[in-house]
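>>> Just a sequence and a predicted model for now, questions to come.
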Protein chains: 2
Amino acid sequence: MKVSLGPRTHVFPTPTWIVCTFGKDGKANGAAVAWGGICCSKPPCIAVSLRAATYTHGCIMERKAFTVNVPSERYAKEADYFGVVSGRDVDKFAVTGLTPVKSDLVDAPYVKEFPLALECRLAHVVELGLHTQFVGEIVDVKADDSVLAPGGMPDIDKVKPFAYDPSTQTYVRVGGVIGKAFSMGKEVGKKP
Amino acid sequence: MKVSLGPRTHVFPTPTWIVCTFGKDGKANGAAVAWGGICCSKPPCIAVSLRAATYTHGCIMERKAFTVNVPSERYAKEADYFGVVSGRDVDKFAVTGLTPVKSDLVDAPYVKEFPLALECRLAHVVELGLHTQFVGEIVDVKADDSVLAPGGMPDIDKVKPFAYDPSTQTYVRVGGVIGKAFSMGKEVGKKP
């Protein structure tokens, strides 16, 4: 039986990404973001939402660029740290010991130690309420060569990304193949 | 060392959701969607992207409503089926044996057998290119009582949602706690 939980942001999975920008002072900063997702295939675009009160919000508005970084599970503590302090107060890269690398393609840094980074040019700004949605056109995806599958694309079980559970405010694992998309459904409704 | 993969939609995790609508004929339909995410906390909003060519795209434009349904792993085949055929050609609910339930709150059906459904009123339409992004205000979350934790909120390990891996076009598992958000990062940078 279905029960009503009210108007809430409870859905699974939501990601754990670190959105990186340069500040007015030119310093690299990052923010932990769970509100976001791919939103277009052509041009490839990704959306991330931030509150106007955040430091990163102002940085994206000013630099018109950001990167979306996918942390591995081994960096869960560092990723969480990016969500508990503000770039106005601290240099999160210095404290975590992570290394910002300036993108050659957009005016934003990415995290050297994280396995996957999407370099984005700001394409749309959508005001939704408490959050502003930033749609970035993905100019390039940078992947650590250590996480690539033989075909040259990222292997999710090497990347070891994790999701954010908005219901319990915990991080949860992602990985382990269930089946092939656009394939396993084809047998549905067919007589054996 | 980072290598360039080009402009792609390769990020982890992306969800596997079934977006349900009523068609012009009043029949319930659903589409598998991996491009989407929560995009605002107040009002609570979720974004899903669909190509203009899809049947569901027209249904959302007409009914100004949709539901986002989270399938459990046991329904992976049925969920995939929703992504391999068009509602123009077949009655996906009839073929899968799943049950559409008319929402009392929005002009759209949800999937009875799936553990979690978000009922959404269309709030914004953003044209991005190949995909149109539909932002829905979440009017209510319906959860199956069998997946609730003692506190009354959904338990991700009972819901057993799964993610879509755009790199290999497979479905992968989601679940198993890594740690507490807004908490495990607090020890970063502190002297022991």
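Perfect, thanks for sending it. Residues are numbered from 1 along each chain as shown, chains lettered A, B, ... in the order given.

>>> Which other helices and strands does the longest strand out of those in chain A contact?
Identified as the longest strand of chain A according to DSSP state E is strand A:131-144. Judged by 3 or more CB pairs under 8 Å, 6 or more residues apart in numbering or on different chains; DSSP states H and E, the packing partners of strand A:131-144 are strand A:45-51, strand A:65-70, strand A:116-127, strand B:2-6, strand B:36-40. Yep, even glycine has a C-beta here, placed from its N, CA and C like the rest.

>>> end to end, how far does stretch A:112-132 reach?
Start-to-end span of stretch A:112-132 (CA to CA, to the nearest Å) is 27 Å.

>>> buried stuff in it?
By 16 or more other CB atoms under 10 Å in any protein chain shown, the buried positions in stretch A:112-132 come out as A:112-124, A:126, A:128-129, A:131-132.

>>> how much distance is there from it to the middle of the chain?
8 Å (CA atoms, centre = their mean, to the nearest Å).

>>> now do stretch A:109-126
Per CA atoms, centre = their mean, the centroid offset for stretch A:109-126 relative to its chain is 8 Å.

>>> Ok, stretch A:51-65 next?
15 Å.

>>> Repeat that for stretch A:58-70.
Distance, centroid of stretch A:58-70 to centroid of chain: 12 Å (CA atoms, centre = their mean).

>>> Are it and chain B in contact anywhere?
Yes - counting by CB under 8 Å from any CB of the partner chain, chain B is contacted by stretch A:58-70 at A:68, A:70.

>>> got a list of what the closest residue to residue A:14 other than its chain neighbours touches?
Nearest non-adjacent residue to residue A:14, counting by CB to CB, 6 or more residues apart in numbering or on different chains: residue A:34, 4.6 Å away. Residue A:34 sits next to A:14, A:15, A:16, A:17, A:164, A:166, B:38 when contact means CB atoms under 8 Å, 6 or more residues apart in numbering or on different chains.

>>> And the residues you listed, which of them are buried?
Neighbour-count burial (16+ other CB under 10 Å) applied to those gives A:14, A:15, A:16, A:17, A:164, A:166, B:38.

>>> ok, now which ones touch the closest residue in space to the third one that isn't next to it in sequence?
Closest residue in space to residue A:16, ignoring its immediate chain neighbours: residue A:164 at 4.8 Å, by CB to CB, 6+ apart. Listed by CB under 8 Å, 6+ apart, the contact set of residue A:164 reads A:13, A:14, A:15, A:16, A:34, A:170, A:171, A:172, B:181.

>>> switch to 10 Å and redo it
Neighbour list for residue A:164: A:12-17, A:32-35, A:79-80, A:83, A:170-172, B:13, B:38, B:181 [criterion: CB atoms under 10 Å, 6 or more residues apart in numbering or on different chains].

>>> Filter these down to just the ones in helices.
Using DSSP state H, A:79, A:80, A:83 are the members of the contacts of residue A:164 that sit in helices.

>>> Select from these the one having the most neighbours.
With neighbours defined as other CB atoms under 10 Å in any protein chain shown, the most crowded of the ones in helices among the contacts of residue A:164 is residue A:79; it has 30 neighbours.

>>> how close does the closest residue to that residue other than its chain neighbours get to residue A:96?
For residue A:79, ignoring the flanking residues on the chain, the nearest one in space by CB to CB, 6+ apart is residue A:71 at 4.2 Å. Distance, residue A:71 to residue A:96, by CB to CB, to the nearest Å: 10 Å.

>>> low pLDDT regions in chain A?
Along chain A, segments meeting pLDDT under 70 span A:191-192.

>>> Now do the contacts for the nearest residue to residue A:175 once chain neighbours are set aside.
Nearest residue to residue A:175, sequence neighbours excluded (CB to CB, 6+ apart): residue A:157, at 4.8 Å. Neighbouring residues of residue A:157 by CB under 10 Å, 6+ apart: A:147, A:149, A:174, A:175, A:176, A:177, B:165, B:168, B:172.

>>> Then residue A:41?
B:8, B:9, B:35, B:49, B:51, B:128, B:129, B:130, B:131, B:166.

>>> export those residues to a markdown table and tack on distance to residue B:87?
Converted to a markdown table, the contacts of residue A:41 look like this (distance: CB to CB, whole Å):
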| residue | distance to residue B:87 |
| --- | --- |
| B:8 | 28 |
| B:9 | 24 |
| B:35 | 18 |
| B:49 | 17 |
| B:51 | 13 |
| B:128 | 22 |
| B:129 | 23 |
| B:130 | 19 |
| B:131 | 18 |
| B:166 | 23 |
